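J.: Return a 3D structure for these sequence lines:
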Amino acid sequence: QYQQVPVNYTGDLTFTPPATRAKIVGDLATSWTVSPNGLTYTFNLVKGVTFHDGTPFTSTAVAASFARRKAVNQGPAYMVSDVASVDTSNPYVAVVHLKQPESAFLDYLASAYGPKMESPTVLSQHAGKDNAQTWLATHDAGTGPYYISSVTPGQEYVLKSYPKYWGAKPYYTTINIKIIPSISTQELELRSGKITMLLHGLSTSAIASFRSDPSFHVYAVPTLETPMLWVNPNSKLLSSSVVRNALAQAINRAEIVKFIYPGRASVAKTDLPGRRVALEPSGRQSDLQSEGLG
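T.: The predicted structure is shown next:
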């Protein structure tokens, strides 16, 4: 369902496409300021936005969305764990007070995994006993260009364009998202034209087959993924560092790359991917110079 989030929901901030250096820009917030002590963030909000249930987007929604993420307390709940309160006295100004300074707070809000704005009306009416988790599995509460029109569990999600969407009008009026657990079935339906694209999961031989077929286009983009083999040092067999080192030395990483990821990977030298987005010495130098430190 993660691929649905950007079309069903929007957040206060977002990142520009990383053609050069991705920058934080406003989404549902037009501008923002940060207090000198790093404890208060003031967001000026876009006016005239409505959620898919018709509820107006205001600072109340910011407070409710942050509160729900903390209450659900899963995955990226840490992104708002330092939020002490949200002042909603002005409907179009959300003043967020933190318990302690968090240098990554704006990055969290702009992240694809960051808190998206949810209708406080929906969250209240369908809270149930799980903070609306059950209801939101087959519905949405966002402000994005598409809303969930219908769901056939285990088979399909149907998205419809939201006529009152506040941003650029979406190109498609309907999007059908098929749920096909089997990668073999996905491949067959792609070849037959029943689906138009696959994002991942194909075997090396299948990728090679598609590359050789002129009726298909295969695109490869760099990722920050590092496949790993995790071991439990508390187990009796692996409690010895000698055994763990022997296991590590017995794995031929070069052969794995050659036969499992041919042309699509390199042997890792650390637990961090080679394309580290934070590694930009020239950019850091210019930043320091702008502060009179270069």
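
J.: Val158: which element?
T.: Per DSSP states H and E: Val158 is located in strand 156-161.

J.: Before we move on, what's the pLDDT of the most centrally placed residue in the chain?
T.: What sits nearest the mean C-alpha location of the chain, by C-alpha atoms, centre = their mean, is Ala112, with 3.1 Å. The model reports Ala112 with a pLDDT of 90.

J.: on that earlier part again, show me the strands paired with the strand holding Val158, marking each as parallel or antiparallel.
T.: Sheet pairing here is set by DSSP bridges, and for strand 156-161 it gives strand 146-152 (antiparallel), strand 174-178 (antiparallel).

J.: and these, which is most packed in?
T.: Mean neighbour count (mean count of other C-beta atoms under 10 Å) peaks for strand 146-152 among the strands paired with strand 156-161, with a mean of 17. Bear in mind the C-beta positions are built from the backbone N, C-alpha and C, glycine included.

J.: what is the mean pLDDT for that strand?
T.: Averaged over strand 146-152, pLDDT sits at 96.

J.: Then stretch 88-102?
T.: If you average the pLDDT values across stretch 88-102, you get 98.

J.: Show me which residues of it are buried.
T.: Thr88, Tyr92, Val93, Ala94, Val95, Val96, Leu98, Glu102 (16 or more other C-beta atoms under 10 Å).

J.: Walk me through the domains of this protein.
T.: According to automatic domain parsing, the chain comprises the domains 2-135, 182-219, 221-294.

J.: how about the helices in the chain?
T.: Applying DSSP state H to the chain gives helices spanning 5-8, 59-72, 105-110, 120-125, 133-136, 183-192, 204-211, 241-250, 253-260, 281-290.

J.: average pLDDT across the last one?
T.: Helix 281-290 shows an average pLDDT of 66 in the prediction.

J.: same thing with the first one?
T.: Helix 5-8 shows a mean pLDDT of 81 in the predicted model.
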